[in-house]
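J.: kindly return the folded structure for what I paste below:
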Amino acid sequence: MTNKNTIIPSIVVLIVIATSFLIYVYRTGTPSASEYEANQAISSSLQSPMVIDVATRRVDEVTEVLLKLDQGPRSDRPVPLVLHGNELRSFTRQTYSENRALIELAGRLDSEMRVEVKACQTMMNSLGISRSDLPDFIEVVPFGPDEVLRLRDGGYEVYTIF
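T.: Numbers count the residues shown, from 1 in each chain. The predicted structure is shown next:
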């Protein structure tokens, strides 16, 4: 027999997460792009600025996006890559040995002004990640979804990878 003291908090957490996601989708008005669409956008010429909105568990998706940006045409400004999901764990100093290629690629692209990696402080707090856990090239923003909205309102096209 299950204990009501453990089931009810679990249900509340799920409802909060689902509601937050729905509010985010409603506020952005941006449907999630398929991986194919995002890759096509990155591979095409970057005539209008774009922001890549990332909230995924799959590190390979983040790596693929960075490789496309590395191999694709140069933009006149860095492409913001806003991280606000579990992928943030892959950028910590604690996981450097496992994710060295990803972190070094992101760092190189940042130093070449091709990308601008941004981490969500709210999600970092949720995951127990501190600023000192991340490489210096990563900029911390208070709330990733708000950063995406700010950039969208500034004329950036949003490509979402969930």
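J.: tell me how far residue 66 lies from residue 155.
T.: 23 Å (C-beta to C-beta, to the nearest Å). (Each C-beta comes from the backbone N, C-alpha and C, glycine too.)
J.: ok, the two, which is more surrounded?
T.: Using other C-beta atoms under 10 Å as the criterion, residue 66 and residue 155 rank with residue 66 on top: 23 against 8.
J.: beyond the helix or strand where that one lies, next helix or strand please.
T.: For residue 66, the host element (DSSP states H and E) is helix 59-71. Of the helices and strands lying after helix 59-71 in sequence (DSSP H and E), the nearest is strand 79-83.
J.: which parts of whichever helix or strand comes after that following strand are buried?
T.: Beyond strand 79-83 on the C-terminal side, the first helix or strand identified by DSSP H and E is helix 96-111. By neighbour count on 16 or more other C-beta atoms under 10 Å, the buried set for helix 96-111 is 99, 102, 103, 105, 106, 107, 109, 110.
J.: kindly report the same for stretch 151-162.
T.: Buried residues in stretch 151-162, counting neighbours by 16+ other C-beta under 10 Å, are found at 151, 152, 156, 157, 158, 159, 160, 161.
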